[in-house]
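# Sequence plus the predicted model coming up.
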Amino acid sequence: MSAGPTPGRRQPRPPRATRRELLGFAAVGLLAYAVDLALFTCLRGPAALDPLTAKALSFVAGCSVAYAGNALGTYRHTRPRGLRPCAVFFAVNIAGAVVQLLCLTVSHYGLGLTSQRADTVSGAVIGMALATVLRFWGTRTLVFRVEGRVGSWTG
């Protein structure tokens, strides 16, 4: 007697599919990061915008590239419709940015690690790693849902 897939239960993903998903997500993320960094550098330098305006604009551009890359590449087999998935994607990315800022805040102000190296490690290494895990989870479970996963898009 064989038990088939139980509706509503998460089915295990084949390792190969998960690897492909991780690699696609990482490639898109690197491209989005490059766009964010390049635009921020141009807006701060030649365009002479203040740092917060430059970062806000570069963040939106990077998120837009990440959404398009994931929608057209990594998660092209899903069918999210309307503005909701895009809004949720931006919310997940904002949550990731908050994680990075929290890591930097705890390290710099809470632990007193105030050197440039400490700020870089806490914000750009530890914070980025934690934020990437959050972004991957949020992107695959809240934005680009796949049939068979809990909470998948239906129609």
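Sure, I can see it. These figures come from a predicted structure and were not determined experimentally. Numbering: from 1, shown residues only.
# When you work out contacts or count neighbours from here on, use the C-alpha atoms and nothing else.
Will do.
# Can I get the lowest-mean-pLDDT helix or strand in the chain in PDB, CA atoms only?
Lowest on mean pLDDT, DSSP states H and E among the helices and strands of the chain sits helix 116-120, with a mean of 86. In PDB, the C-alpha atoms belonging to helix 116-120 read as follows (Å, rounded to 0.1, in the frame of the first residue of the first chain):
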ATOM      1  CA  GLN A 116      36.200  50.200   9.800                       C
ATOM      2  CA  ARG A 117      37.100  46.500   9.600                       C
ATOM      3  CA  ALA A 118      34.600  45.600  12.400                       C
ATOM      4  CA  ASP A 119      31.900  47.600  10.700                       C
ATOM      5  CA  THR A 120      32.600  45.800   7.400                       C
END
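# How about residues contacting it?
Outside helix 116-120, the residues that touch it by C-alpha atoms under 8 Å, 6 or more residues apart in numbering are 104, 107-108, 113.
# Let's have these in TSV, adding pLDDT.
Below are these laid out as TSV (pLDDT from 0 to 100):
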residue	pLDDT
L104	89
S107	91
H108	89
L113	93
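# Going by secondary structure, the most centrally placed residue in the chain is in what exactly?
In the chain, the residue lying closest to the centroid (C-alpha atoms, centre = their mean) is R135, at 3.4 Å. Element membership for R135 (DSSP states H and E) is helix 127-138.
# which residues are contacting that helix?
Residues contacting helix 127-138 (C-alpha under 8 Å, 6+ apart): 25, 89, 92-93, 95-97, 99-104.
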